[in-house]
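*Asks:* attaching a predicted model along with its sequence, questions to come.
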Amino acid sequence: MLDNKYPPEPFRIKSVEPVKMIDRAAREEVIKKAGYNTFLIDSEDVYIDLLTDSGTNAMSDRQWAGMMIGDEAYAGSRSFHTLKETVQEYFGFKHMIPTHQGRGAENILSTIAIKPGQFVPGNMYFTTTRYHQEANGGNFIDIVIDEAHDTQIDLPFKGNIDLNKLQNLIDKEGSENIAYICLAVTVNLAGGQPVSMENMRDVRKLCDKHGLKVFYDATRCVENAYFIKEREAGYANKSIKEIVLEMFSYADGATMSGKKDCIVNIGGFLCMNDDELFMQAKELVVVFEGMPSYGGMAGRDMEAMAIGIKESVQEEYIEHRIKQVRYLGDNLLAAGVPIMEPIGGHGVYLDAKRFCSHLTQEQFPAQALAANLYVESGVRAMERGIISAGRNKDTGENHAPKLELVRLTIPRRVYTYAHMDVVAKAVIALHEKKESIKGLRFVYEPKMLRFFNARFEEI
Ligand code: PLI
C-alpha cells in the first residue's frame, strides 16, 4: 500500500455491527443464485458492502437522540417545522416538501413541471430521474461536457454543463419546449464529478436570458461544495455552509435524496421558491406520499435529517469523507487498475471497458466484473454501465453509454481505512487475473429500471 497521508476519523465509535465473510465456495453459490446481479445478494452474505452510499450511512449519537424527540403527528408535526427551517437555512429555498426518498421528489417535480414532448436537458442522466422525466412525456437530453464521458481526462469540474450544448438546444427547439434544466451536483454516473460555481452561475445567466427554470439534483451537494472549496479560485477560505448556500442561490429549486448527503437512512425532499409551483406540488404530495407536513417520512426521520444536514457541512466531516474515497482510488491507481479519473466524491469507479478489455460491451463487462469481485472477496459493488442505462424508450435499442463502470461506493462514516486496504487488495488481485472474467447474458430483463432485478448467466 502507498504511504498516503490521510485525515483520521473525526469521530469515535460508540456502537458496532459485526461483519463476517463466508468462504469462496459459498460465495460462488450465492452469486449464481443471485443471477450474477449484486442487487440480489443478501446483505448477510456480503463482507464489505460498497453497493451504494444511499441510505447506508451511520447516524451520529445526536441523530439517534433526535429520533426520540420526533413528533409523529399526522398534521403540523413539530419535526416538519424543524426540518423546514433547517432546509431554509442551509439550502436557502422558500418552500420544502418532504418525500419518502429522492425519487418521490422527482416524481412530483416531473409531474408538475414537464409537459408531454418537452425536453429536459441535464448533466448526464440518472436512472430514476430520467425514468420520471420520460414517464411524464419528457425527453432527456445530455448536455454535460464531452470530457465527462471519458475516464482518462483529468479535469477539476468534469460534471459541468456544456453551455454551447444548452444554447444549441434552446436555438433548435425553442425555450418554450424546454421544461427546465436539471443540474446534478455531483454527477453520479460520471463518477461523482463536481460542477464548478462558475458553471452554475453561467447556467443561471443563460437560463435567465431565456426565461428557463433550473432545478438541481442536490443529492450530493455537500460533496460538490468540498470540491469547489478545494479547487475553485476564491473559495478556499469560505465555509462549506456558505458554498452550499451560494450554489443553491443559482437554482429555482431542487430534488434531494436525503439518503446520501443528509447522512440518514431514509427520506428526501423537494424545494422551490415559486409559490404557484409549490401549491401544485402540495396538491400532488397528498396523492403519492402523505400530508405536506410529513410527505412519506416519519417525524423521527425528519428530526434525524435536520441534524444530519447540520453535520454534513462540518469541515472535518466532509474532508474526511472525500479523502477516504480518494485513499482507495489512489491505491488502485498506484497498482495500475483503470478507474475513472479524477476520483470523485462518493466512490471509486472501475473502468470495466479497460479492466475487461477481452469483453465487448454487449457481454456486460461491468456486470461481470462486479459479480467476480464479489466471488473474489465478498466485496459488493454495483454495475453502472449498459445495464443501468436501459433501453431507448422509443426505439427499444439498448443505450450504449461510453462509460461502462463498476462503482465501489463508500457509505458515510461506516468503514475504516483498513477496510479500504482490503478492498484495494481484492480489486488488485482480480485485476491480475482479469482474463478469467466471463461475459454475461440476460436470462430475465425487467422493463423498467432493469438493473435492480435483472438476472444473468455466464456465456
Ligand atoms: O434513491 P432515492 O430515490 O433516494 O434517490 C434517487 C437519486 C436521485 N439522484 C441521484 C443523483 C441519485 O444518486 C439517486 C439515488 N442513487 C442511488 C440509489 C445510488 O445508489 O446512487
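*Replies:* Here it is on my side, so go on. Residues are numbered from 1 along each chain as shown.
*Asks:* excluding its backbone neighbours, what's nearest Arg27?
*Replies:* Among residues not flanking Arg27 along the chain, Val375 sits closest, at 5.0 Å (CB to CB, 6 or more residues apart in numbering). To be clear about C-beta, it is placed using only N, CA and C from the backbone, and glycine gets the same treatment.
*Asks:* ok, is the helix or strand where that neighbour lies in contact with the ligand or not?
*Replies:* Using DSSP states H and E, Val375 sits in helix 365-377. No. Applying CB under 6 Å from any ligand atom, one finds helix 365-377 out of contact with the ligand, separated by at least 13.0 Å.
*Asks:* enumerate every residue touching the residue of the stretch 51-200 of the chain found nearest the ligand.
*Replies:* Closest residue of the stretch 51-200 of the chain to the ligand, CB to the nearest ligand atom: Gly102 (2.5 Å). Counting by CB atoms under 8 Å, 6 or more residues apart in numbering, Gly102 touches 128, 217, 219, 255-259, 268.
*Asks:* let's see that with 10 Å instead.
*Replies:* 54, 126, 128-129, 217-219, 255-260, 267-270 (CB atoms under 10 Å, 6 or more residues apart in numbering).
*Asks:* so how many other residues sit close to Ile318?
*Replies:* Counted with other CB atoms under 10 Å, residues neighbouring Ile318 total 23.
*Asks:* surely it meets Ser312?
*Replies:* Yes. With contacts counted by CB atoms under 10 Å, Ile318 reaches Ser312, the gap being 7.0 Å.
*Asks:* could you measure from the most centrally placed residue in the chain over to Thr395?
*Replies:* Using CA atoms, centre = their mean, the residue of the chain that lies closest to the mean C-alpha position is Asn188, 4.5 Å off. Applying CB to CB, to the nearest Å, the value for Asn188 to Thr395 is 25 Å.
*Asks:* which residue is the nearest non-sequential neighbour of Arg354?
*Replies:* Once flanking residues are discounted, Arg354 sits nearest to Pro338: 3.7 Å by CB to CB, 6+ apart.
*Asks:* which residues touch the one you found?
*Replies:* So Pro338 contacts 151-152, 332, 349-357, 431, 434 (CB under 10 Å, 6+ apart).
*Asks:* emit the PyMOL select command for whichever of the residues you listed are buried.
*Replies:* PyMOL command restricting these to the buried ones, with burial defined by 16 or more other CB atoms under 10 Å:
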select buried, resi 151+332+349+350+351+352+353+355+356+431+434
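*Asks:* show me the contacts of Pro338 that map onto strands.
*Replies:* Counting by DSSP state E, the contacts of Pro338 place 349-351 in strands.
*Asks:* export the residues you listed to CSV and tack on distance to the ligand?
*Replies:* As requested, the ones in strands among the contacts of Pro338 are arranged in CSV below (distance: CB to the nearest ligand atom, whole Å):
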residue, distance to the ligand
Tyr349, 11
Leu350, 16
Asp351, 18
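*Asks:* identify, from these, the entry nearest to Gln367.
*Replies:* For the ones in strands among the contacts of Pro338, the minimum distance to Gln367 (CB to CB) is 12.1 Å, reached by Leu350.
*Asks:* surely the closest one touches Leu333?
*Replies:* No. Contact criterion CB under 10 Å: Leu350 and Leu333 do not qualify, at 11.2 Å.
*Asks:* near the ligand, which residues of the stretch 201-350 of the chain show up?
*Replies:* Selection of the stretch 201-350 of the chain residues close to the ligand by CB under 6 Å from any ligand atom yields 217, 219, 257, 259, 268.
*Asks:* let's go with 8 Å and repeat that
*Replies:* 217, 219-220, 255, 257-260, 268, 346 (CB under 8 Å from any ligand atom).
*Asks:* let's see if you can find the most crowded of those.
*Replies:* In terms of neighbours by other CB under 10 Å, these top out with Gly258 at 34 neighbours.
*Asks:* need the contact list for the closest residue to it other than its chain neighbours.
*Replies:* Nearest non-adjacent residue to Gly258, counting by CB to CB, 6+ apart: Gly267, 4.1 Å away. By CB under 10 Å, 6+ apart, Gly267 lies in contact with 55, 83, 98-102, 104, 256-259, 295-298, 301-302, 304-305, 308.
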